[in-house]
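S.K.: Just need the structure, nothing else, for what follows:
(2 chains)
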2 protein chains.
Amino acid sequence: MIMDPFGLGRIVQDGLVYRQNFDIRSYEIGADRSASIETVMNHLQSAGLLGDGFGSTPEMVKKNLIWVVTRMQVVVDKYPTWGDVVEVDTWVSKSGKNGMRRDWLVRDCNTGEILTRASSVWVMMNKVTRRLSKLPEEVRGEIEPYFVNSDPILAEDSRKLTKLDEKTADYVRSGLTPRWSDLDVNQHVNNVKYIGWILESAPVEMMEKHKLKSMTLEYRRECGRDSVLQSLTAVSGCDVGNLGTAGEVECQHLLRLQDGAEVVKGRTVWSSKTPSTTWDTTS
Amino acid sequence: MIMDPFGLGRIVQDGLVYRQNFDIRSYEIGADRSASIETVMNHLQSAGLLGDGFGSTPEMVKKNLIWVVTRMQVVVDKYPTWGDVVEVDTWVSKSGKNGMRRDWLVRDCNTGEILTRASSVWVMMNKVTRRLSKLPEEVRGEIEPYFVNSDPILAEDSRKLTKLDEKTADYVRSGLTPRWSDLDVNQHVNNVKYIGWILESAPVEMMEKHKLKSMTLEYRRECGRDSVLQSLTAVSGCDVGNLGTAGEVECQHLLRLQDGAEVVKGRTVWSSKTPSTTWDTTS
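M.R.: Residues are numbered from 1 along each chain as shown, chains lettered A, B, ... in the order given. The predicted structure follows:
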């Protein structure tokens, strides 16, 4: 299951941890010269690929089952920049009766400094009916030997995610549609792309002055090529008028279809790019 | 000028050709499991970076000058897939009185097979006024020693690009806006992102059955964070009703601002994904 088809990564710690290095490429950095959150998420996804055709077990193939992510929690301590090499470690554990947890630990390859910690929950989906499925005993038998017996790398963010609507949201962006390049090999929208859509309704003045520090996402429904989405954001813990100067900002997010069906619910925390010890002579 | 800040590439052929390898990552492949055209273009741009802060000469810095691309011509013979390693060679030559040509040759690293050939024309822009500039003698003196004396790797596509409007276009997509992650370090839209917008108005039934074989783009104007764009496509050399079955399709493209100002003009040629020798028993 933990595979390495191209010799790009390697198995460490008794075969239970998969490790892959990525150099940050010029086209992976954003307006502030550091890697974007999408780049960070791409590296996690790439080091932990378990989708259709990428690491399904024989019993999963026989039963038309694939893994889908239902929950993702990410804490970014530091974003790498162009030319940095990051080392991504990932491993899987049991999660409840029918699920699997996948954790990631990302370090700066040169300094060993921890950059990102992330934890996710995956369940089985029938790829034909697109309905969730219990974990069959045969599949459990195939994957259990690979489970690491450890606590999650991040304590579960158990605070309930707020249900937003037009009234409670501070910012709404409607009419978002997948670009051709947003689709994966199954013509579904790649999980990482939802993050871009969520941030479409985040206020620009906040994104300019802050960096995304942590994120909790709940994936509720798949999107296809013809989906039309609406992105909603509410700012909490800070006055909307003070977004540029607040030390830390928390946002609630909802991505939904035009008919109201929820696609992704989320919460993000943003910290100021300027260290709080900086003396601002203009204020 | 030809630089290698992180030891990721190397200089070959008497210091005039810069070579960099890229492995194709899982998140760089699209719905058909091969690298997307954006990925191909990212690799070209990454191996030939000459923008602000990335390889400006001392005289350019002194004069606030940066290189901007005005024309790009690309022929993709074969798209790499996940795990392939591509070798990108790039070099620069004189182009007219005030310009520079940059060519690229992309090979499969294992087989040596040619995958992509590309040629581009660059001129100087004042990064403060955002106006084009002549090539100052002092800058010419700095860069001329690096020019390769060779013919373009692609014969110039000298056919005039059609000027499209609502009447002549077959497909129009309006209201396109930059996502936060589309912006580069200067808050301008990264050149590669325009390709995604151009393809926004290309018919899906063509993109499903065909692959982009060649592309000629003329860059006319920059876009910023607040630009709202319209993408227009006209299909030529094929009946619009037969897009799924045509062997080769040619398209004309225009990306323009809502006020009509042209941003990018282009032409693309698409070839059928199904080899013409395949016997289709369903028809």
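
S.K.: Skipping adjacent residues, who's closest to whichever residue of the stretch 151-283 of chain A sits closest to chain B in space?
M.R.: Of all residues in the stretch 151-283 of chain A, the one sitting closest to chain B is A:Leu183 (4.6 Å; Cβ to the nearest Cβ). Bear in mind the C-beta positions are built from the backbone N, C-alpha and C, glycine included. Nearest non-adjacent residue to A:Leu183, counting by Cβ to Cβ, 6 or more residues apart in numbering or on different chains: B:Ala31, 4.6 Å away.

S.K.: Could I get the phi/psi values of the residue of the stretch 51-200 of chain A found nearest chain B?
M.R.: Per Cβ to the nearest Cβ, the residue of the stretch 51-200 of chain A with the smallest distance to chain B is A:Gly83, at 3.6 Å. Note on A:Gly83: backbone dihedrals following degrees, to the nearest 10 are phi 90, psi -20.

S.K.: What distance do you get for the residue nearest to A:Leu183 to A:Gln45?
M.R.: Plainly put, B:Ala31 is 16 Å away from A:Gln45 if you go by Cβ to Cβ, to the nearest Å.

S.K.: Likewise for A:Val121?
M.R.: Distance from A:Val121 to A:Gln45, counting by Cβ to Cβ: 15 Å.

S.K.: Repeat that for A:Pro80.
M.R.: Distance from A:Pro80 to A:Gln45, counting by Cβ to Cβ: 16 Å.

S.K.: Which residue of these two possesses the greater neighbour count?
M.R.: For A:Pro80 against A:Gln45, the residue with the higher neighbour count under other Cβ atoms under 10 Å in any protein chain shown is A:Pro80, and the figures read 25 against 21.

S.K.: and stretch A:87-106, is it in reach of chain B?
M.R.: No - legend: contact between stretch A:87-106 and chain B by Cβ under 8 Å from any Cβ of the partner chain is lacking; minimum distance shown is 11.9 Å.

S.K.: So for that stretch, what gets flagged as buried?
M.R.: Of the residues in stretch A:87-106, those buried by neighbour count under the rule 16 or more other Cβ atoms under 10 Å in any protein chain shown are A:87-93, A:95, A:99-106.

S.K.: Also stretch A:180-197?
M.R.: Of the residues in stretch A:180-197, those scored as buried under the neighbour-count criterion (16+ other Cβ under 10 Å) are A:180-186, A:188-197.

S.K.: Can you flag which of the residues you listed belong to helices?
M.R.: Cross-referencing the buried residues of stretch A:180-197 with the helices (criterion: DSSP state H) gives A:Lys193, A:Tyr194, A:Ile195, A:Gly196, A:Trp197 as the overlap.

S.K.: out of those, which one sits closest to B:Thr245?
M.R.: Top of the list for closeness to B:Thr245, among these and by Cβ to Cβ, is A:Lys193 at 30.4 Å.

S.K.: Roughly how far does the closest residue to that closest one other than its chain neighbours sit from B:Glu200?
M.R.: Closest residue to A:Lys193 apart from its sequence neighbours, by Cβ to Cβ, 6+ apart: A:Asp182 at 4.5 Å. With distances taken as Cβ to Cβ, A:Asp182 is found 11 Å from B:Glu200.

S.K.: and what of A:Tyr219?
M.R.: With distances taken as Cβ to Cβ, A:Tyr219 is found 25 Å from B:Glu200.

S.K.: quick one: A:Arg130 is in a helix?
M.R.: No - counting by DSSP: H, G, I helix; E, B strand; the rest coil, A:Arg130 is not part of a helix but coil.

S.K.: got a list of what it touches?
M.R.: A:Glu222 (Cβ atoms under 8 Å, 6 or more residues apart in numbering or on different chains).

S.K.: Help me confirm that A:Arg225 comes into contact with A:Asp184.
M.R.: No - in this structure, A:Arg225 is not within contact of A:Asp184 by Cβ atoms under 8 Å, at 10.9 Å.

S.K.: Just the strands from chain A, written as ranges.
M.R.: Using DSSP state E, the strands of chain A run over residues A:9-12, A:17-23, A:65-76, A:85-95, A:99-108, A:114-126, A:132-133, A:171-176, A:210-219, A:229-236, A:248-257, A:262-272.

S.K.: orientation of the last one relative to strand A:210-219 in degrees?
M.R.: Between the axis of strand A:262-272 and that of strand A:210-219 there is an angle of 160 degrees, by axes from the mean of the first three to the mean of the last three Cα atoms, to 10 degrees.

S.K.: What's the mean pLDDT across strand A:262-272?
M.R.: For strand A:262-272, the mean pLDDT works out to 95.

S.K.: How about the residues of chain A by chain B?
M.R.: Taking Cβ under 8 Å from any Cβ, the part of chain A that reaches chain B is made up of A:5-6, A:8, A:22-23, A:25-27, A:29-33, A:36, A:38, A:42, A:45-46, A:49, A:54, A:82-83, A:175, A:179-181, A:183-185, A:187, A:190, A:192, A:196, A:199-200, A:202, A:204, A:207, A:225.

S.K.: Setting the sequence-adjacent residues aside, check what's closest to A:Asn148.
M.R.: For residue A:148 the amino acid is Val, not Asn. Nearest non-adjacent residue to A:Val148 (Cβ to Cβ, 6+ apart): A:Trp91, at 4.5 Å.

S.K.: The one you found contacts A:Arg102, doesn't it?
M.R.: Yes - with contacts counted by Cβ under 8 Å, A:Trp91 reaches A:Arg102, the gap being 7.4 Å.

S.K.: Burial check on A:Val86, number of neighbours?
M.R.: When neighbours are counted by other Cβ under 10 Å, A:Val86 comes out with 22.
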